[in-house]
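1. Build me a model:
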Amino acid sequence: MEEKLKRLEEITRQISGMPAEDFALSKKFWQEKNYKKGEFYNEYKNVCKYFGFVISGVFRIYKYHEPTGTERNVLFFTNNQFMSSFKSFLTQTSCEYYTEAMSNSETLYIHYDHLHHLYDISPAWERFGRIYAESSLNELMTNTEGFLFRTPEDRYLEMLKLHPDIMQSVPLYHVASYLGIEGPSLSRIRKRMMHPASGKEKTPALK
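-> Numbering: from 1, shown residues only. Sure, this is the predicted structure:
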């Protein structure tokens, strides 16, 4: 547990400059939970009451379209990323999506009430909450604009920046669903992204 908290502390410091003494206020509230592949972090119509941090593994947020019996992936969460069903968690209303473990995964999590208690007693935690909400909105807007204005190849490269190991962790049809394309189109994109000499997939440089 202590090593996991150290990693969490490092990520919160990178994101918001969280001082060690402020992070220490939160230690008693974080709990750990392991998920097996296929288990749900949050289910449809449930209120998301926990703010998670992925130690290892992959989760997806998806929506089930009942008339067609199809699923559409909206977001992935991978190592060292915070996780919640954004709208449900922020508003404490029932969720229209599922959040599912795509592999055996390790997490830390904190209850909504405890997180808001930290906001009340610590300006550093309140700052972290603001930055998290802003980054969540930015990610959702980027995804929306991507579908409207960017090519599938651009969306694919952006996905690799956020989740460098995703192609080794989930079936290709889940990635295709996230990108809004069919499996054969994803295969063609991946082929074009390969280095001709090595046959290895390009990894975009992080800015």
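2. need the contact list for the most centrally placed residue in the chain.
-> Centroid check for the chain by CA atoms, centre = their mean gives Phe77 as the closest residue, at 2.5 Å. For Phe77, the contacting residues are 52, 54, 58-61, 83, by CB atoms under 8 Å, 6 or more residues apart in numbering. Backbone N, C-alpha and C define where each C-beta goes, glycine included.
3. Identify, from these, the entry nearest to Tyr109.
-> Nearest to Tyr109, judged by CB to CB, of these is Gly52 at 4.5 Å.
4. what's around the residue nearest to the closest one when sequence neighbours are not counted, how many residues?
-> Nearest residue to Gly52, sequence neighbours excluded (CB to CB, 6 or more residues apart in numbering): Met83, at 4.0 Å. Residues within reach of Met83, counting by other CB atoms under 10 Å, total 25.
5. Relative to Leu5, how far out is Met83?
-> 16 Å (CB to CB, to the nearest Å).
6. I'd like the distance from the nearest residue to Phe40 once chain neighbours are set aside to Tyr64, if you could.
-> Closest residue in space to Phe40, ignoring its immediate chain neighbours: Glu100 at 5.4 Å, by CB to CB, 6+ apart. Separation of Glu100 from Tyr64 (CB to CB): 11 Å.
7. The two: who's more crowded?
-> Comparing Glu100 with Tyr64 by other CB under 10 Å, the one with more neighbours is Glu100, at 20 against 13.
8. partner strands of the strand or helix carrying that one, parallel or antiparallel?
-> Using DSSP states H and E, Glu100 sits in strand 98-101. Strand pairing for strand 98-101, determined by DSSP bridges: strand 40-42 (antiparallel), strand 59-65 (antiparallel).
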